[in-house]
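Trainee: A predicted structure for the sequence below; I have some questions about it.
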Amino acid sequence: MAPEVTLNIRKTFVDRATIAVQLRLPLDPPSVTILFGPSGSGKTTILRCLAGLEQPEEGTISWNGHIWFDAATHVHVPPQARGLGYMAQAYALFPNYTVEGNIAYGLSGLSVQEKKARVNEVLSLLQIKQLAQQKPTQLSGGQQQRVALARAIARRPQLLLLDEPLSALDAPTRTKLCEDLRMLLTRLAIPAVVVTHDWTEALALGDQMAVIDDGRVLQTGKPQEVFSQPVNADVARVVGIETVIQGRVREIRDELATVQVGPVPVFAVASPGLESDVFVCIRAEDVTLELAGSSETSARNHLRGTVQAVTSLGALVRVTIDCGFLLTALVTRSAQSELRLANGSDVRAAFKAGSVHLIPRR
Amino acid sequence: MNWMAIWVTCKLASLTSLALLILGLPIAYWLTYSKWRWKFLIESIVALPLVLPPTVLGFYILITIGPHSPIGRFYTDLVGHPLPFSFQGLLLASILYSLPFAVQPFATAFEQVDRKLIEASWTLGLSKLKTFFRLILPLSTAGLITGVVLSFAHTLGEFGVVLMVGGNIEGITRTVSIEIYDEVQALNYAAAAKTSALLLLVSYAVLLLVYAMNRRVWSVWPQK
C-alpha cells in the first residue's frame, strides 16, 4: 500500500452543515494537497481533525498505516504525538517569546547546541535572521507568517498543515509570499495540506486539490483540472473560474503581456518580472460572445472559434468554445438565441486583458 | 502599637497567599479547562466565602476540625495538639476564607490566554502540563499577582473567621483586626486609631498595586 493519509470522518454541528468527508492524501512523493472551499465549508475543521485538535463523531483517520483516530475503538492520538507542523490562520505566535524563542519552543528534545543550530537553520531558510531577537508584536504580517512557518517546520514534521497561510496578508505581500511558500514546500519535501479559499493560491501551491462545500468533498484532482473541468454546477460555482490553461509569457511591454497559449496569443495585464511559465485563468463570466462577422469591441482579446458544448445552467448558459484552446463562457439565455449558439457554430469570444489572470508556476 | 499582632497578621497573610498560589493554580486550571457539565457546582463552592458570613464559615470549620470530628481527632493524634485555636488551624481557615480571592483572578487570567496559542503549543509537541508552565503561566502573571495580593489583603483584614477558629491568643492567633476590636472594647481609642490607620494604608497600597497593574498604568516588566 502506498503511504498515504486516509480520512473518513463525520462530524455534526448545531449551526452548520454536517461534515462528512472521505479523502486520501498521497505522502510519497511528498505533495501539496489543497482543501479548497468558501468560508464555513468545513475545510478548517477537516484540517483540525487531522491535527488532532478536534475529534469527529464517527470515522477513522490514519497516517501511513498508523491509526490516528478511530471512533469505534476510541483511539485518539493527541496532537503532540502526531509529528505535525501546524500553522493556524492568524499564526498564533507566542507573545511572551522572541522570534527565536518561538522557533525553539517545540525543540525541547534537542541539546542546547543542536537547538541553536536548528533555529539558525530555519531562520536563514526563511530569511528572517535579523528578526531573531524581536517580539511577535513588533513584526509585520508577512514577517509573522514567516516566523510561524519557521516554527512549524523547525521540528522537521512528517506532515505540514497550513490553515489559510496567506489570507491575513495584504495583496502585494500575498503574491510575493505565495511564490516563496511554493519554493519552500518544494525544497522541504514534506507532505502538506493547505486550506485556502483563494483560487490563485490553490493553483500556485497545489499538486492536488479537494473542493469542499457544505461539509462534503465535491471534486478531487489536479487544481488545473478541477478549475477547468468542474464536474458539476456546484463545483463551478465554488471555484468560480473555468478556463485554466498553461501558457508561456513571450514578452511584457507597458504591463501588457503577450502569452502564448497553444497556437494563439492571449493578451494579459501583468507586472514585469513574471516567470515565463504561467497558468492563464479566465472567468467564464468575463468572456463575451459576438457574431463572427460583427465589428470588434475595445477588448484586447478577440478569438474566433467553434462551439464545442452548450450546457444550460438555469438562467445562464455555459458555452465551451474551441479557439485554439478550450475557453468557457457564461452567457444569458437570450444571448444564446440571438447568437444562435449550438454545437459547431462559429463565434467570436472577447475578453479584456485585465480579466486574464496569470499565475506563475515554477 | 502591638507589634506582635502585626507580626502574626503578616505571617498569616503571607503563608495564606503562598498556600493559595500553590493550591489555587490547579483549582483555577481545572475550573477554566474542564468540560465537565456539573463544573458550576464546584465553582459555586469556591465562591461561597464571598457571600457567606465569616462566622458561618468559621463555625463549620470549627466543627470540622474540632476534637469531635474524625479529621480533628486524626490531626490531634498525628501532631499532638488540636487544630482549633492554634496558628495552623487559623491558617487553614484563612486559606478557605480567601480561596475565591485567589482562584477567580487566576481563572480569569487563564481564560484570557488565546485558545489558539495553547493549541499551537500542543501541535509543537508540548504536553498539557508543559504548555501550562511554559505558556499559560507566563501569560497570566498579572492575574497571578492580582490573586496573591488580593488574598494577602483579604487575610490582613479578616476578623470573624479568626475569632471563631483562632480565638484571641496573644502572639499566636491574635491578629491586627482583633487587636483593634480589643482596644475599642477597652475604650483605648488612640491605639485603635493608630492600628486602624496602618491597616487602612496597607490595604489601600495593596489595592493601588492591583488596579494600577491591571490598567497597565506603568509597565511592571521591562518591555523588550
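Mentor: Cool, the structure landed.
Trainee: Not counting residues beside it along the chain, what's closest to the residue of chain B found nearest chain A?
Mentor: Going by CB to the nearest CB, chain A is nearest to residue B:124 of chain B, at 3.1 Å. Yep, even glycine has a C-beta here, placed from its N, CA and C like the rest. Closest residue in space to residue B:124, ignoring its immediate chain neighbours: residue A:106 at 3.1 Å, by CB to CB, 6 or more residues apart in numbering or on different chains.
Trainee: Now do the contacts for the residue of the stretch 201-350 of chain A found nearest chain B.
Mentor: For the stretch 201-350 of chain A and chain B, the shortest gap (CB to the nearest CB) falls at residue A:205, measuring 20.4 Å. For residue A:205, the contacting residues are A:32, A:34, A:178, A:181-182, A:185, A:194, A:196, by CB atoms under 8 Å, 6 or more residues apart in numbering or on different chains.
Trainee: hmm, try it at 6 Å
Mentor: With contacts defined as CB atoms under 6 Å, 6 or more residues apart in numbering or on different chains, the neighbours of residue A:205 are A:32, A:182, A:194.
Trainee: Verify the stated contact: the residue nearest to residue B:124 with residue B:123.
Mentor: No - using CB atoms under 6 Å, residue A:106 is not in contact with residue B:123; the gap is 8.2 Å.
Trainee: who has more neighbours, these two?
Mentor: When neighbours are counted by other CB atoms under 10 Å in any protein chain shown, residue A:106 and residue B:123 differ, and residue B:123 comes out ahead with 27 against 22.
Trainee: list the contacts for the residue in the stretch 101-250 of chain A that chain B sits nearest to?
Mentor: Scanning the stretch 101-250 of chain A for proximity to chain B using CB to the nearest CB identifies residue A:106 as nearest, at 3.1 Å. For residue A:106, the contact set (CB under 6 Å, 6+ apart) comprises A:155, B:124-125.
Trainee: host element of residue B:116?
Mentor: Here residue B:116 sits within helix B:115-123, counting by DSSP states H and E.
Trainee: Could you list the residues in contact with that helix?
Mentor: A:51, A:53, A:79-80, A:84, A:86, A:88, A:92, B:131, B:135.
Trainee: And for residue A:161, the neighbour number?
Mentor: Taking other CB under 10 Å as the criterion, the count of residues near residue A:161 is 26.
Trainee: and the gap between it and residue A:92?
Mentor: 13 Å (CB to CB, to the nearest Å).
Trainee: Between the two ends of stretch A:79-86, how far is it?
Mentor: With CA to CA, to the nearest Å applied, stretch A:79-86 spans 10 Å between its terminal residues.
Trainee: Can you pull the residues of chain A lying near chain B?
Mentor: Proximity of chain A to chain B (CB under 6 Å from any CB of the partner chain) is limited to residues A:51, A:53, A:79-80, A:84, A:86, A:88, A:92, A:96, A:105-106.
Trainee: let's go with 7 Å and repeat that
Mentor: If contact is defined as CB under 7 Å from any CB of the partner chain, the residues of chain A in contact with chain B are A:51, A:53, A:79-80, A:84, A:86, A:88, A:90, A:92, A:94, A:96, A:105-106, A:135, A:155.
Trainee: returning to that earlier point: among the contacts of residue A:205, name the ones in strands.
Mentor: The subset of those located in strands under the criterion DSSP state E comprises A:32, A:194.
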